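**Q** model the structure of this input:
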Amino acid sequence: EVQLVESGGGLVQAGESLRLSCHASGFAFAVYNIGWVRQAPGKEREGISSISSSDGSTYYSDSVKGRFTISRDNVKNTVYLQMNSLKPEDTAMYLCNANGWSNVYWGQGTQVTVSS
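**A** Numbering: from 1, shown residues only. As a prediction, the model looks like this:
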């Protein structure tokens with residue numbers, strides 16, 4: 001069974017940090033590109049970061065560049081999103097997805113709430 005399970009969300013104050021994890025199982029994780037998107041109430045889904053399977057190259061949206069860092073551990077089948085200097089506007093449901101071999105898999109998400 002293919003699964004992507006996010007964890008690490010929570011309620012923090014502005015300026016604090018969180019590390020999200022996305023653990024994969026049931027497919028060849030190492031050959032999939034992994035991305036993080038977020039969905040805030042009343043806003044469009046936003047792709048904020050991704051990491052490639054081939055060379056580990058990364059992408060960040062302007063809204064998180066310089067504050068968030070994505071990394072992957074292919075032994076643990078896990079991708080991490082280190083989020084520093086969190087802002088209230090980062091409040092959203094954060095979901096990871098895996099893209100590869102014409103497949104796209106999604107997790108259920110983890111909620112991040114940043115209070116001012």
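**Q** check which helix or strand covers the spatially most central residue of the chain.
**A** Central residue of the chain (CA atoms, centre = their mean): W36, 3.2 Å from the mean position. Under the criterion of DSSP states H and E, W36 resides in strand 33-39.
**Q** sheet partners, orientation included, of that strand?
**A** If you go by DSSP bridges, strand 33-39 pairs up with strand 46-51 (antiparallel), strand 92-100 (antiparallel).
**Q** quick one: buried residues of the first one?
**A** Pointing back at strand 46-51 there. Neighbour-count burial for strand 46-51, with 16 or more other CB atoms under 10 Å as criterion, is recorded at I48, S49, S50, I51. (C-beta placed from N, C-alpha, C; glycine too.)
**Q** please apply the same query to the longest one.
**A** Residues of strand 92-100 classed as buried: A92, M93, Y94, L95, C96, N97, A98, G100 (neighbour count, 16+ other CB under 10 Å).
**Q** what's around G56, how many residues?
**A** Look at G56: counted by other CB atoms under 10 Å, it has 11 neighbours.
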